[in-house]
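Peer 1: Sequence isn't available, so here's the structure alone:
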């Protein structure tokens, strides 16, 4: 078996190396564990990082992936009660019909990729005969709705039924009266591919707090990076070991708390106007940096993680180092950026 066991007494964490698995979605340990717990009518929770049915579709011929025309993100596909699939932008909520052919090369050979909560529920039903209940953000975004969900779960228990609960990060908060016997994290790498200096910390806490908050006896964690320090130290429940490595990384690159970080964002519906504005600001900042001899300050331009939102293009200037606060006092007084449409994030806690 391709797993490592971290035994914490009443809690056991199984870390599965998915690079050695034939099935890249469900490990052998997952299939055996799910089957065993379903037969025993135990409570199972599965964390997955995508809502809907599929993360998107891709053309087999040219590789095109349909994106929202208002936001620079792939269209996600959801399954309606009628059985019809519909595309939804998870940012602006605009809807799109499911494509029959590629919108670029018109080839009919398009393939769905990326399993979402709805697809997972369908696979669990087909492969394991399991009934599932999907927990969405709108299901638990108020005390009344949480109470309604708990009543629904109580009704299941009265009938002697135990559905598999499927959700995203929402399941990291325990549900009163519903203690899991097994929690599965299908993809522990979900937060590592975000281009942000605190991605490792967020990924660590996502795992660590899931293990910490739930009175669950068994956790199954699937990953392609079993040696990554955020994943391994979360499974070890070693917060100090994680931060020893994380602080070293941040110190080497002058990220907070060892350096200051400021983001200056500009957005516009006209892309060329956006480029001109940001380029002009960048040159003005370099001039001021040289004039006041702040050599330890790093200044560069970069697009945010999502380049276009609600029809507006976005670009930002990043200021990083030990002199950011002093420099921004100068910038604020000299350039009056707040009057020119720039949004200033003085002490940015994230790059995205």
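Peer 2: Here it is on my side, so go on. From a predicted model like this one, the values you see are computed outputs, not experimental measurements.
Peer 1: and residue 24, how many neighbours?
Peer 2: For residue 24, the neighbour count with other CB atoms under 10 Å is 10. Every residue, glycine included, has its C-beta placed from N, CA and C.
Peer 1: and it, how far is that from residue 113?
Peer 2: Remark: distance between residue 24 and residue 113 (CB to CB, to the nearest Å) = 12 Å.
Peer 1: and if you look at residue 55?
Peer 2: 6 Å.
Peer 1: neighbour-wise, which of these two wins?
Peer 2: residue 55 (21 against 11).
Peer 1: Give me the residues contacting the lowest-mean-pLDDT helix or strand in the chain.
Peer 2: Lowest mean confidence among the helices and strands of the chain (mean pLDDT, DSSP states H and E): helix 143-158, at a mean of 84. By CB atoms under 8 Å, 6 or more residues apart in numbering, the residues outside helix 143-158 that reach it are 133, 135, 138, 139, 140, 162, 163, 175, 176, 177, 178.
Peer 1: Leaving out chain neighbours, which residue sits closest to the third one?
Peer 2: Sequence neighbours aside, residue 145 is the residue nearest to residue 138 in space, at 7.6 Å (criterion: CB to CB, 6 or more residues apart in numbering).
Peer 1: Tell me how many other residues surround that neighbour.
Peer 2: 12.
Peer 1: try residue 18
Peer 2: Counted with other CB under 10 Å, the neighbours of residue 18 add up to 22.
Peer 1: which phi and psi does the closest residue to residue 123 other than its chain neighbours have?
Peer 2: In this structure, residue 123 finds its nearest non-sequential neighbour in residue 115, 7.4 Å apart by CB to CB, 6+ apart. Main-chain dihedrals, residue 115, degrees, to the nearest 10: phi -80, psi 130.
Peer 1: hey, what's residue 115 bridged with?
Peer 2: residue 54 (DSSP bridges).
Peer 1: follow-up on the earlier one: what element comes up after the least confident helix or strand of the chain heading to the C-terminus?
Peer 2: Following helix 143-158 in sequence order, the next helix or strand is strand 164-167 (DSSP states H and E).
Peer 1: what's the next secondary structure element after that following strand?
Peer 2: Going down the chain from strand 164-167, the next helix or strand is strand 182-185, by DSSP H and E.
Peer 1: Just the buried ones out of the contacts of helix 143-158, please.
Peer 2: The neighbour-count test (16 or more other CB atoms under 10 Å) marks 135, 139, 140, 162, 163, 175, 178 as buried among the contacts of helix 143-158.
Peer 1: Widest-spaced pair of these?
Peer 2: Greatest spacing in the buried ones among the contacts of helix 143-158, by CB to CB: 140 and 162 (19.3 Å).
Peer 1: which residues touch stretch 80-94?
Peer 2: 51-53, 66, 68-71, 73, 75-79, 95-99, 306, 309-310.
Peer 1: first to last residue in it, what's the distance?
Peer 2: 15 Å (CA to CA, to the nearest Å).
Peer 1: quick check: mean pLDDT across it?
Peer 2: For stretch 80-94, the mean pLDDT works out to 96.
Peer 1: ok so, going back, tabulate the buried ones among the contacts of helix 143-158 (JSON lines), appending pLDDT.
Peer 2: JSON lines is the format used below for these (pLDDT from 0 to 100):
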{"residue": "135", "pLDDT": "88"}
{"residue": "139", "pLDDT": "71"}
{"residue": "140", "pLDDT": "72"}
{"residue": "162", "pLDDT": "91"}
{"residue": "163", "pLDDT": "94"}
{"residue": "175", "pLDDT": "75"}
{"residue": "178", "pLDDT": "82"}
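Peer 1: from those, which single one is nearest residue 324?
Peer 2: Closest approach to residue 324 among the buried ones among the contacts of helix 143-158 (CB to CB): residue 140, at 38.4 Å.
Peer 1: Provide the backbone phi and psi angles at the closest one.
Peer 2: Dihedral angles for residue 140 - degrees, to the nearest 10 - are phi -130, psi 30.
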